[in-house]
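Visitor: With the input below, show me the fold.
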Amino acid sequence: AGNTFDAIAARPEYFWEHTWTTTYETVLGFVIAIAVGVVAAVAMVQSSTLEKTLYPLLLFAQVIPKIAIAPLFVVWLGFGLGPKILVAVLMAFFPVVISMVTGLKSVDPEMLQLSSTMGAKSGQTFWKIRFPASLPPLFSGLKVAATMAVTGAVVGEFVGADAGLGFVILQANGNLDTPVLFAGL
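Guide: Residues are numbered from 1 along each chain as shown. Below you'll find the predicted structure:
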């Protein structure tokens, strides 16, 4: 453990720079996954046709290992931020969308009937009943998605990067530099 801290203390700017890169990729991927996931979930709950079309595809896409397709993103998008952020988005997207759909559908049907009887429009029902009811499952999904976004960013850096903690880990592994390897971890 002492050697690991010595490695960090010897080059703090090196580790800070790579930590910042990974953090940036993670946060950007996480935010995009939230935005796209929530919109997709709302669209699927509002349209049963869309749900019947997309939900099976989403579940199927969930089982595809993102680590296996990450090299394709590097080929298609190059070595910039794009592939790393895309892997982070794909890793974080599924927990967000699945938890949001679950939350939006968990509303008591009697509450929906009551709001309809009282003359509430669909937008009012969504914002006053459905959306608040979806928040506990959504936040549960966000907790999982945050971890997955970090994993996605680091995996993207493993595949092809010149910066980030995944790059530091690979470089240290190649140089058999165990203290730097653990510092990257």
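Visitor: quick one: low-confidence ranges for the protein?
Guide: Low-confidence segments of the chain, defined by pLDDT under 70, are located at 1-2.
Visitor: can you give me the strands for it?
Guide: With strands called from DSSP state E, the chain shows none.
Visitor: what about the helices in it?
Guide: Taking DSSP state H, the helices of the chain run over residues 2-10, 12-46, 48-63, 66-77, 81-105, 109-117, 122-125, 131-159, 165-174, 178-184.
Visitor: Save those as TSV, and put in mean neighbour count too.
Guide: Backbone N, C-alpha and C define where each C-beta goes, glycine included. As requested, the helices of the chain are exported to TSV (neighbours: other CB atoms under 10 Å):
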stretch	mean neighbour count
helix 2-10	13
helix 12-46	18
helix 48-63	12
helix 66-77	15
helix 81-105	24
helix 109-117	12
helix 122-125	12
helix 131-159	21
helix 165-174	19
helix 178-184	20
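Visitor: Please save the CA atoms from stretch 31-49 in CSV.
Guide: What follows is the C-alpha trace of stretch 31-49 in CSV, where atoms were taken according to Å, rounded to 0.1, in the frame of the first residue of the first chain:
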residue,chain,number,x,y,z
VAL,A,31,-26.1,12.3,-18.1
ILE,A,32,-26.8,11.2,-21.7
ALA,A,33,-28.0,7.8,-20.5
ILE,A,34,-30.4,9.5,-18.1
ALA,A,35,-31.8,11.8,-20.7
VAL,A,36,-32.2,9.2,-23.4
GLY,A,37,-33.4,6.5,-20.9
VAL,A,38,-36.1,8.7,-19.3
VAL,A,39,-37.4,9.9,-22.7
ALA,A,40,-37.5,6.3,-24.0
ALA,A,41,-39.2,5.0,-20.9
VAL,A,42,-41.9,7.7,-21.0
ALA,A,43,-42.4,7.1,-24.7
MET,A,44,-42.8,3.3,-24.2
VAL,A,45,-45.3,3.8,-21.3
GLN,A,46,-47.3,6.3,-23.3
SER,A,47,-47.5,4.1,-26.4
SER,A,48,-48.2,0.4,-26.0
THR,A,49,-47.2,-0.2,-29.7
